[in-house]
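My questions are about this predicted structure, shown below with the sequence.
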Amino acid sequence: MACFLAPTAAAIITTSIRKKVSPKYHLEWLNAMFWGGVIMLAVEHVTHGEVVFYPPFLTAMQNPADIPVMLQEIATIGGAMTITIIAVWAIIVLVANKATKIHEKKIQIVTT
């Protein structure tokens, strides 16, 4: 229904703070992962009729009884997706920074 709203909120936040974060954290990678996932999920939800281009936009909001279910989906599924994206990004950054340090040490050994 609306699980993509949690990663969307995270993508908006990380996009807004990207200039305040050190380049060694490669926040642009996290933003690309978030926005790519959000676009993919939004397209999937539109094609399945869960998101429409007229109010209330989310078909789950047409019936007030479905709103708690939708909010729980955002929290559980959307939260899990957001945490997974952050975890994968953190691993990628750790590996990339470790590889960069190893490469820099090799260059120092060769040049000295």
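In hand now; what should we look at? Residues are numbered from 1 along each chain as shown.

Any idea how far stretch 85-100 is from the middle of the chain?
15 Å (C-alpha atoms, centre = their mean, to the nearest Å).

Use 58 as the first number for this chain going forward.
Done: numbering now begins at 58, and the last item shifts to stretch 142-157.

Now it: buried residues?
Using 16 or more other C-beta atoms under 10 Å as the test for burial, stretch 142-157 gives 142-143, 146, 150. Heads up, the C-betas are built off the backbone N, CA and C, glycines and all.

Where does pLDDT dip in this structure?
Per-residue confidence for the chain (pLDDT under 70) gives these ranges: 165, 167, 169.

element containing the residue nearest to the spatial centre of it?
The chain has F91 as the residue nearest its centroid, 2.6 Å off, counting by C-alpha atoms, centre = their mean. Taking DSSP states H and E as the criterion, F91 maps to helix 84-104.

contacting residues around that helix?
The contact list for helix 84-104 (C-beta atoms under 8 Å, 6 or more residues apart in numbering) reads 58-61, 64-65, 67-68, 71-72, 74-75, 78, 108-109, 138, 142-143, 145-146, 149-150.

the helices in the protein, which residues?
Per DSSP state H, the chain carries helices over the ranges 62-74, 84-104, 124-130, 136-168.

can you list those in a markdown table and add distance to A117?
Listed next are the helices of the chain as a markdown table, based on distance: least, C-beta to C-beta, whole Å:
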| stretch | distance to A117 |
| --- | --- |
| helix 62-74 | 11 |
| helix 84-104 | 10 |
| helix 124-130 | 4 |
| helix 136-168 | 17 |
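
P113 is nearest to which of these?
For P113, the closest of the helices of the chain is helix 124-130, at 9.9 Å, according to C-beta to C-beta.

what comes up buried for the closest one?
Neighbour-count burial for helix 124-130, counted by 16+ other C-beta under 10 Å, picks out 124, 127, 130.

Turn those into a markdown table, including distance to E101.
Listed next are those as a markdown table, based on distance: C-beta to C-beta, whole Å:
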| residue | distance to E101 |
| --- | --- |
| I124 | 21 |
| M127 | 16 |
| E130 | 14 |
